[in-house]
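**Student:** please work out how this folds:
(one chain, ligands or ions: 1)
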Amino acid sequence: MSNNRLKVVFLGPLASFSHQAAAESFKNTDAELIPHVSFADAFSAVQDQTADFAVIPFENSTNGSVVQTLDLLADRTSLYTDVKVCGEYYLTVHHCLLVRKGTYPSGWSGYDGSITKLYTHPQAWGQCENVLSTHFKGIERQDVSSTSKAAEIVAKETGEKAGAIASKFAAEHHGLDILMENIEDRADNTTRFLILRNTRVERTGSLAFEKRSPMDSTGITNKTLISFAVDHASPGALANALLIFKAHGLNLTSINTRPSLKRAWQYVFFVECGQAPSKENKEAVLQVLDDLRRATESCRDWGTWKDQLCVRAAS
Ligand SMILES: O=C(O)C(=O)C[C@]1(C(=O)O)C=C[C@@H](O)C=C1
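**Tutor:** Sure, this is the predicted structure:
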C-alpha cells in the first residue's frame, strides 16, 4: 500500500449508512474512507490487501440478517481466506423519504400521491414497512446497491416522480428534499456492522480505534463468529456441534444459516458466541474449534472481537 494512511472500504457511494458507520468507527484515526460498489468488492479489497479494513453491515435490529453479507461469509469458493472479523459497530439508522428538489414545495402536507417509483437498498424496505404500506401501497419498489445510490438515482431522475429511502446525509450530499423524516418502523432501528481485516497485514492486528485488545478483560465480553457445515444425514450432528460451545463455556448469541449450494436443503451455519475473557477460558475458542473440526464436515474461525454492546452499556 502506497501511503501510510489506513484505507477503510465501505459500500458506497458517499453518504450511505455504511459510510457513516466507517466514519464513526474510525473517527479517531487518520483513515482514508473509500467507497466500493458492492459488499463483494469491499471483501475483495481486504483480501487483496488494497484496503486495511472493510466496514460491512451484518444485521439490523428490525429487519434481521443482511443475507448478502452472510453469503460472502459463507465463502463457498474460498475467495476470502485471509479475511477475519476484528470489530463491530452499532449505528442507529434513521431513514428519510427523499425527492428531487422542489417537487413538493409545501412538503408532506402538500403531497398529492404522485410518486410512481421508490428506490432503496433491499435491507431498508423491511425497516420502513409501516410507512410504505400506509402511504405507498402498490408503488413499484426498485432494489438498488445502496441507499445513497438510490438518492443519486432520484437526483438524476427527470421522467417520473420517484422517491429514495436514504439518510439525511444522502439528502444533503445529493441536494434532495426530505419529504418524510424518521420513517423507520422503530425508533431504535439499529444496524450492526462488522469490521474486517486481512490477517496477513500486520498493521491491522491491533485496531487503531480500540485501545485494548480483546484479551484485556475488565467488564468486557468477547464475541466470536464461527461458520461450519455438518453431515445432514447424521442424526444429532447439529446438536452435537452446538453442545461443543456449551462444553467450553461459550454462550451462543446468534445462529444464522445460508444454503450450502452443494446440495439442496443443506446449509452453512453461522454461530456467534460470547464470553467474558478470563485466565480460565483463554483457550476456550481454540478448544471449541479443535472439537468442531472433529464433529463437522468443515468449520472456519471468523475471529474474536470486543462486544460493543457491553462496552456501550459500561460507559
Ligand atoms: O445502503 C446503505 O446505505 C448501506 O450502507 C447498507 C445497509 C444494509 O445493508 O443494512 C446499511 C444500513 C441499513 O440497514 C440499510 C442498508
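**Student:** okay, now P235: neighbour count?
**Tutor:** P235: 9 surrounding residues under other Cβ atoms under 10 Å. C-beta: built from backbone N, CA, C; applies to glycine.
**Student:** ok, now which ones touch V37?
**Tutor:** 11-12, 145 (Cβ atoms under 8 Å, 6 or more residues apart in numbering).
**Student:** hmm, try it at 10 Å
**Tutor:** By Cβ atoms under 10 Å, 6 or more residues apart in numbering, the residues touching V37 are 11-13, 145-146, 149.
**Student:** next, give phi and psi for it.
**Tutor:** phi -80, psi -10 (degrees, to the nearest 10).
**Student:** now the residue nearest the centre of the chain. Nearest residue, chain neighbours left out?
**Tutor:** Centroid-nearest residue in the chain: P57, 1.1 Å away (criterion: Cα atoms, centre = their mean). Nearest residue to P57, sequence neighbours excluded (Cβ to Cβ, 6 or more residues apart in numbering): V66, at 4.7 Å.
**Student:** I figured that neighbour was touching R192, is that so?
**Tutor:** Yes. Using Cβ atoms under 10 Å, V66 and R192 qualify as a contacting pair, with a distance of 9.2 Å.
**Student:** so what's I244 closest to, chain neighbours aside?
**Tutor:** D291 (4.5 Å).
**Student:** pretty sure the one you found is in a helix, no?
**Tutor:** Yes. According to DSSP: H, G, I helix; E, B strand; the rest coil, D291 belongs to a helix.
**Student:** what pLDDT does it get?
**Tutor:** Turning to D291, the model gives it a pLDDT of 98.
**Student:** G159 too?
**Tutor:** 83.
**Student:** ditto for V271
**Tutor:** pLDDT, V271: 98.
**Student:** what residues are up against it?
**Tutor:** Counted by Cβ under 10 Å, 6+ apart, V271 has contacts 224-228, 241-242, 244-245, 250, 252-256, 288, 292, 299, 302.
**Student:** again, 8 Å this time
**Tutor:** With contact taken as Cβ under 8 Å, 6+ apart, V271 is in contact with 225-228, 242, 245, 252, 254-255.
**Student:** report how many residues lie close to the closest residue to Q68 other than its chain neighbours.
**Tutor:** Distances taken as Cβ to Cβ, 6+ apart place F39 nearest to Q68, at 5.4 Å, with adjacent residues excluded. Number of residues near F39 (other Cβ under 10 Å) recorded here: 22.
**Student:** is F39 in contact with L11, as I believe?
**Tutor:** Yes. Applying Cβ atoms under 8 Å, one finds F39 in contact with L11, separated by 6.0 Å.
**Student:** need the contact list for the residue nearest to the centre of the chain.
**Tutor:** Applying Cβ under 8 Å, 6+ apart, we find P57 in contact with 11, 17-18, 21, 66, 69, 123, 191-194.
**Student:** name the helix or strand for V8, please.
**Tutor:** Using DSSP states H and E, V8 sits in strand 6-11.
**Student:** who are the packing partners of that strand?
**Tutor:** Under the contact definition 3 or more Cβ pairs under 8 Å, 6 or more residues apart in numbering; DSSP states H and E, strand 6-11 sits against helix 17-25, strand 31-36, helix 39-47, strand 53-60.
**Student:** next one: it to chain centre, how far?
**Tutor:** 14 Å (Cα atoms, centre = their mean, to the nearest Å).
**Student:** ok, stretch 150-166 next?
**Tutor:** Worked out by Cα atoms, centre = their mean, stretch 150-166 lies 25 Å from the chain centre.
**Student:** so whichever residue of the stretch 151-300 of the chain sits closest to the ligand: helix, strand or coil?
**Tutor:** Residue nearest to the ligand within the stretch 151-300 of the chain: T191 (3.9 Å; Cβ to the nearest ligand atom). Assigned with three-state DSSP, T191 falls in the strand class.
**Student:** what about it, distance to D291?
**Tutor:** T191 sits 33 Å away from D291, going by Cβ to Cβ, to the nearest Å.
**Student:** now do M180
**Tutor:** Taking Cβ to Cβ, one finds M180 at 52 Å from D291.
**Student:** try A150
**Tutor:** 45 Å.
**Student:** more neighbours: the two, which one.
**Tutor:** Shown here are A150 and D291; by other Cβ under 10 Å, A150 has more neighbours (27 against 18).
**Student:** need the strands for the stretch 201-315 of the chain, in chain order.
**Tutor:** For the stretch 201-315 of the chain, the strands defined by DSSP state E, counting those that start in this stretch occupy 222-229, 251-259, 267-275, 298-306.
**Student:** related to what we said a few turns ago, and the closest residue to the residue of the stretch 151-300 of the chain closest to the ligand other than its chain neighbours, what's its pLDDT?
**Tutor:** In this structure, T191 finds its nearest non-sequential neighbour in N60, 4.7 Å apart by Cβ to Cβ, 6+ apart. Confidence at N60, expressed as pLDDT, is 98.
**Student:** thanks again, I'm all set now.
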